[in-house]
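Q: need a 3D model of the following:
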Amino acid sequence: MHEGIFIAAFAGLKQGKKLEMIAQNLANVNNTGYKRAQLAFKELMPPFPPDSGLEAGENVLLPPNKSNSNVSYVAITDQYTDFTQGGFKQTDGALDLALNGPGYFSVLTEEGTRFTRNGNFRLDTALS
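A: Sure thing, here's the model as predicted:
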């Protein structure tokens with residue numbers, strides 16, 4: 001099989017991961033305080049280091065680590081959360097708060113303490 005097919009398939013799998021991340025971000029775009037997830041990509045040139053996870057993507061017709069050195073594969077090097085400050089929206093809610101800068105609100109829930117940047121608060125007497 002030609003190595004180009006492996007390269008295209010490998011890149012397609014990585015773009016699929018990127019599409020899943022975009023879909024997750026779009027699904028949560030209206031959730032107050034949601035922080036979008038991001039992916040970082042990197043170009044990998046043969047021969048691949050043993051821990052790169054690309055062993056299955058190498059051309060099966062070539063001896064190990066003898067892939068064409070003129071081609072490159074793509075890899076996801078990092079998945080991270082974008083903690084950039086969001087915009088403020090006037091709500092006129094008596095218990096609504098916003099954080100300017102780093103930090104989180106500490107909220108007591110039935111599962112214990114949770115941290116959020118969503119400042120849309122209400123009184124709840126069930127946890128007292």
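Q: which pLDDT does the model give T77?
A: pLDDT for T77: 82.
Q: same check, this time on N70
A: 66.
Q: what of the one 4 residues further on?
A: Note for V74: predicted pLDDT of 77.
Q: who are the packing partners of the one helix or strand it maps to?
A: Element membership of V74, judged by DSSP states H and E, is strand 73-81. Under the contact criterion of 3 or more CB pairs under 8 Å, 6 or more residues apart in numbering; DSSP states H and E, strand 73-81 touches helix 3-27, strand 37-44. The C-beta positions use only the backbone N, C-alpha and C, and glycine is treated the same way.
Q: what are the pairing partners of it, and which direction each?
A: Applying DSSP bridges to the sheet, strand 73-81 is found paired with strand 37-44 (antiparallel).
Q: pLDDT of the partner strand, averaged?
A: So the average pLDDT for strand 37-44 ends up being 84.
Q: tilt between that strand and helix 3-27?
A: Inter-element angle recorded for strand 37-44 and helix 3-27: 170 degrees (by axes from the mean of the first three to the mean of the last three CA atoms, to 10 degrees).
Q: strand 37-44: how far from the chain's middle?
A: For strand 37-44, the separation from the chain centroid amounts to 10 Å (computed by CA atoms, centre = their mean, to the nearest Å).
Q: got the CA positions of it in PDB?
A: Output of strand 37-44 as PDB, limited to C-alpha atoms (Å, rounded to 0.1, in the frame of the first residue of the first chain):
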ATOM      1  CA  ALA A  37     -11.100  23.400  24.500                       C
ATOM      2  CA  GLN A  38      -8.300  23.600  21.900                       C
ATOM      3  CA  LEU A  39      -5.900  21.200  20.200                       C
ATOM      4  CA  ALA A  40      -2.300  21.800  19.300                       C
ATOM      5  CA  PHE A  41      -0.900  20.000  16.200                       C
ATOM      6  CA  LYS A  42       2.600  19.100  15.200                       C
ATOM      7  CA  GLU A  43       4.300  17.900  12.100                       C
ATOM      8  CA  LEU A  44       6.200  14.600  12.500                       C
END
